[in-house]
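Visitor: Turn this into a structure:
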Amino acid sequence: MTKPPTTSQSPKTGAAPLVLTGRTKNLALAGIFMSTFVSMLAMNVVGTSMPRIIADIGGTQATFTWVIMATTLASAISTPIWGKLADLTNKKVLLQLSLIIFTLGTIFAGMAHDATWLISFRVVQGLGVGGLGVLGQIVLAEILSPLERGKYMGIMGAVMAVATVGGPLIGGLFTDTIGWRWNFYVAVPFAIVALIMLQTTLHLNTERRKVKLDYAGAVLISAGFSSLLIWITLVGSDFEWASWQTYTMVGAGTLLLIIAVFVELRAEEPLIPLTLFKNRTFTMSVVASIAVGIAMFATMVYLGQYMQIARGRTVIESSLLTLPMMAGVLGSSTIVGQLISRYNKWKAFVVSGSIALLVGIVLMGQIRYDTSLWYVGVSMFIMGCGVGMTMQNLVLVVQNTVEPSQMGVASSGVTFFRTLGGSVGMSVMGTVLGHRVTELMTGGLNTLAETNPEALVGAEALKGGAIPRVAELNPALREVVEASYGHAIGDVFLSVAPVAVVAIIAVIFLPNIPLGTKNNAERAASRRALRTGPIAVVGETTGSSSTGITDEPVLKSTSENER
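Guide: You can find the predicted model right below:
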C-alpha cells in the first residue's frame, strides 16, 4: 500500500490543498508568524529612538507627533481595505504585497534626511503594517480550523508580545551603537525571509469572484476616520477643544461617516458590511476589542513615561522594567490558546481575561512615584494576562461564526476597531495626563515656593508643560516632578477602568458557540458543492480534517443533500 500524500489535492485539477499538514504546514505558519513579527517590530522599534531621530533630521515637536501618527493612521485606515480585498482576491498574494510595501517603506524611511521624507515613507510603512496585521489572521483561518486555530492564535499573541518588548530594546541598542537608521533596516531581512517562506510553502485555494471594490465607501470611511483621528491626536496640544479646528475636523469627519453609512447600505461589495453588526458575536467582540486596544496602546506609551520620568530610569531600564507586562501577554496567550484547542472551551478564558484586565488597570491606577516596583510588576503582569487572554481570542470567536466569504471583512473589522479604540484612547489619555500633571505640578511648586524657594531654579519651563530632563533637576524640584507624573499616570490608568467594565459586560454576552473543526477553505468548498454538485476534493478533504473530526457532512452531490 502506498503512503497517502501529506496534503489533500484534487487529482483532476491539481488545485491547492484544502488542508496543509506536516512540514509544509509548519513552514507556512512560520512565514505567517514572521510577517506578524516584522510588522510589530517596526511599530515599536523606533519609539525609544524618536527624540534622537527627530533631532538628527531637524524636526520639531510637531514632526514627532506626525511621524508617530503617520504609521498608526495609515495602518488603521488601510486595515478594512486589506480585509475586503482578502475576501475578493488571492490572500497569499495580498500578504506578500503588504510585505513588499512594508519593506520598501521601511528602507526609504531609514534613508530619511528631512521630516517630510520620513513622514511620507512612514505612511507607506503603515499601509504595509495594516495588511500584515490582519492578513496573517485571515490566512490562519484559511488553513486551520477554529478549534486548532486557538493554539496558533495564542502563539501569534506571544510573537506580538516579544516584538513589543524587544523592539524598544533593539532600537535603543542600535541607536547607541551603529545608528538609528538600523531601527528601520533591522526588519528588512526578516521580511525577505518571510516572503520566501510564504512563496514556497503557502498554497491556498482562491474562489474567483468579481473584484468590485467599494471605492466610494473606502474614500469616505478613510477620510472620515482620518479627520477624527488627526483631531483627537492634536486637540489639547496644538489647539483648544473649543476651537474652529475642532468644529471643522469633527464636523467633517462625522458628516463623511454618516454619508459612508448610506453608501455602504447600497454598495454591492461594501467595505464594512453593516449586516455584520447583526451578528451578536461580532458586535460584542468589537466593543471588547476597543477596551483591549486602549489598555494595550496606553501601556506601551505611558508605562515608558512612568519609568523614565516618575522613576528616573533610562530608556533601556524602562524597557526592561515593563517585561512583566509582556510576560503576562506571552504566557497567558500561549497557555490559554493550547487549552482552548484541547478542550474546545473558550468563553471562560475570555471572561476571565477581561476581569484580569480590569483588575490590572485598577491596580495600576494606584501607582505613585514611590510605589514598590514589585507592586508595579505584579500589576503589569495581571494586566498583561488580561490582554493575552482576550486580544487574539476575540478575533478567533468572530472567525468561528461568520460566513467563509466574509472572513476578511469580519477579521479586519475587529482589528480596525481595536486599533481605532487604542488610538483614540491614547490621545484622550494624553490630554488627561497633561491637565493632571499641570494641576499637580502647580500645587507642588506652590508648596515648594513656601518651604524651599531656592529650589525653584528652572521651574518656569515646567509650568508650560515641557517634558523635563529629570536627572538635571535639583533633588527638591525633581521630587515634585516625579510625584506629579507618578500620581497623574496612575490617575490616567484609573480613568480607563470604566471601559474595562464595558468589556466584561460585552464578553459575558458573547454567544458560547463551540469552535468548528474545519478551516475556511473546507467550509467554502462545502458551500460550493451545494451549488455546483459533486466535487471529489471536498469529500476527500473534509473526511480527513487536520483534527480528525468533522462538523459538517461530507458532500456528495446537491441532490443527495436536498434529499
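Visitor: so where is the stretch 1-150 of the chain shaky, pLDDT-wise?
Guide: Applying pLDDT under 70 to the stretch 1-150 of the chain flags residues 1-22, 47-48, 51, 59-65.
Visitor: repeat for the stretch 151-300 of the chain
Guide: For the stretch 151-300 of the chain, the stretches with pLDDT under 70 are 205-211, 236-237, 298-300.
Visitor: which residues in it form helices?
Guide: 182-185, 187-201, 215-234, 244-266, 280-305 (DSSP state H, counting those that start in this stretch).
Visitor: Pull the number of nearby residues for Asp56.
Guide: 14 (other C-beta atoms under 10 Å). Where C-beta positions appear, they are placed from N, C-alpha and C, glycine not excepted.
Visitor: Next: Met389.
Guide: By other C-beta under 10 Å, the burial measure for Met389, its neighbour count, is 32.
Visitor: I'd like to know how far the nearest residue to it once chain neighbours are set aside sits from Arg266.
Guide: Nearest-residue entry for Met389: Gly353, 2.7 Å, with adjacent residues in sequence omitted and distances by C-beta to C-beta, 6 or more residues apart in numbering. Going from Gly353 to Arg266 by C-beta to C-beta, to the nearest Å gives 39 Å.
Visitor: Between the two, tell me which one has more neighbours.
Guide: Neighbours were counted for Gly353 and for Arg266 using other C-beta under 10 Å; Gly353 has more, 27 against 10.
Visitor: Let's verify the more buried one: helix, strand, or coil?
Guide: helix (DSSP: H, G, I helix; E, B strand; the rest coil).
Visitor: And Thr517, by the same measure?
Guide: Quick answer, by three-state DSSP: Thr517 is coil.
Visitor: phi, psi of it?
Guide: For Thr517, the backbone dihedrals are phi -120, psi 20 (criterion: degrees, to the nearest 10).
Visitor: Near it, how many other residues are there?
Guide: 20.
Visitor: from what I can see it touches Arg149, true?
Guide: No. The criterion here is C-beta atoms under 8 Å, and Thr517 misses it with Arg149 at 10.4 Å.
Visitor: export the helices of the stretch 151-300 of the chain to CSV and tack on distance to Ala500?
Guide: Shown next, in CSV, are the helices of the stretch 151-300 of the chain (distance: least, C-beta to C-beta, whole Å):
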stretch, distance to Ala500
helix 182-185, 33
helix 187-201, 32
helix 215-234, 20
helix 244-266, 26
helix 280-305, 5
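Visitor: Of all these, which one is nearest Arg313?
Guide: helix 280-305 (9.4 Å; C-beta to C-beta).
Visitor: how far is the very next helix or strand once past that closest one from where the chain is centred?
Guide: Remark: after helix 280-305, the chain's next helix or strand is helix 315-321, criterion DSSP states H and E. A distance of 22 Å separates the C-alpha centroid of helix 315-321 from that of its chain, computed with C-alpha atoms, centre = their mean, to the nearest Å.
Visitor: okay, the angle between the very next helix or strand once past helix 315-321 and helix 280-305?
Guide: The C-terminal neighbour of helix 315-321 among helices and strands, as given by DSSP H and E, is helix 323-343. Relative orientation of helix 323-343 and helix 280-305, computed by axes from the mean of the first three to the mean of the last three C-alpha atoms, to 10 degrees: 160 degrees.
Visitor: number of nearby residues for Leu213?
Guide: Applying other C-beta under 10 Å, we find 15 residues neighbouring Leu213.
Visitor: Quick check: phi and psi on it?
Guide: phi -70, psi 140.
Visitor: And for stretch 181-200, what's in contact with it?
Guide: Residues outside stretch 181-200 that contact it (C-beta atoms under 8 Å, 6 or more residues apart in numbering) are 27-28, 30-32, 34-35, 37-38, 41-42, 45-46, 49, 53, 92, 95-96, 99-100, 102-103, 106-107, 109-111, 170-171, 174-175.
Visitor: typo on my end, stretch 75-86
Guide: With contact meaning C-beta under 8 Å, 6+ apart, stretch 75-86 is reached by 43, 94, 98, 126-127, 129-131, 133-135, 138, 211, 213-214, 218, 221-222, 225-226, 229, 269, 271-272, 407-413, 415-416, 419-420, 423.
Visitor: do the same with stretch 374-382
Guide: With contacts defined as C-beta under 8 Å, 6+ apart, stretch 374-382 is touched by 299, 303, 321-322, 324-325, 327-328, 356, 359-360, 363-364, 366-367.
Visitor: Now Leu373: closest residue in space, sequence neighbours ignored.
Guide: Leu373's closest residue in space is Leu321 (C-beta to C-beta, 6+ apart), at 6.9 Å.
Visitor: just for the stretch 351-500 of the chain, where's the confidence low?
Guide: If you take pLDDT under 70 as the line, the stretch 351-500 of the chain has these spans: 455-472.
Visitor: Any idea how many residues pack against Tyr247?
Guide: Neighbour tally, Tyr247, other C-beta under 10 Å: 11.
Visitor: whoops, I mixed them up, Gly133
Guide: 26.
Visitor: Tell me the buried residues in the helix or strand containing it?
Guide: Element membership for Gly133 (DSSP H and E) is helix 115-143. Residues 115, 118-143 are the ones in helix 115-143 that count as buried (16 or more other C-beta atoms under 10 Å).
Visitor: now that helix against helix 187-201, angle please.
Guide: 30 degrees.
Visitor: ok now helix 115-143, how far from the chain's centre?
Guide: On C-alpha atoms, centre = their mean, the centre of helix 115-143 falls 11 Å from the chain's centre.
Visitor: helices or strands up against that helix?
Guide: helix 22-45, helix 61-88, helix 91-110, helix 146-176, helix 373-401, helix 407-451, helix 520-532 (3 or more C-beta pairs under 8 Å, 6 or more residues apart in numbering; DSSP states H and E).
Visitor: Pick the most buried one from those.
Guide: helix 373-401 (a mean of 24; mean count of other C-beta atoms under 10 Å).
Visitor: Relative to Met69, how far out is the closest residue to Val124 other than its chain neighbours?
Guide: For Val124, ignoring the flanking residues on the chain, the nearest one in space by C-beta to C-beta, 6+ apart is Gly105 at 3.3 Å. Counting by C-beta to C-beta, the gap from Gly105 to Met69 is 15 Å.
Visitor: same deal with Leu494?
Guide: Distance of Leu494 to Met69, computed by C-beta to C-beta: 26 Å.
Visitor: just checking, Met160 touches Met40?
Guide: Yes. Using C-beta under 8 Å, Met160 is in contact with Met40, at 5.0 Å.
Visitor: can you pull the contacts of the closest residue to Thr71 other than its chain neighbours?
Guide: Nearest non-adjacent residue to Thr71, counting by C-beta to C-beta, 6+ apart: Gly126, 3.8 Å away. Listed by C-beta under 8 Å, 6+ apart, the contact set of Gly126 reads Ala70, Thr71, Thr72, Leu73, Ala74, Ser75, Ser78, Gly105.
Visitor: Let's see that with 7 Å instead.
Guide: Remark: with contacts taken as C-beta atoms under 7 Å, 6 or more residues apart in numbering, Gly126 is in contact with Ala70, Thr71, Thr72, Leu73, Ala74, Ser75.
Visitor: From Gly179, how far out is Leu396?
Guide: From Leu396 to Gly179 the distance is 41 Å (C-beta to C-beta).
Visitor: related to what we said a few turns ago, my guess is the residue nearest to Val124 meets Gly130, correct?
Guide: No. In this structure, Gly105 is not within contact of Gly130 by C-beta atoms under 7 Å, at 11.3 Å.
Visitor: and for the two, which residues touch both?
Guide: With the criterion set as C-beta under 7 Å, 6+ apart, the contacts of Gly105 and Gly130 do not overlap.
Visitor: in this protein, which residue is closest to the centre?
Guide: Thr419 (5.7 Å; C-alpha atoms, centre = their mean).
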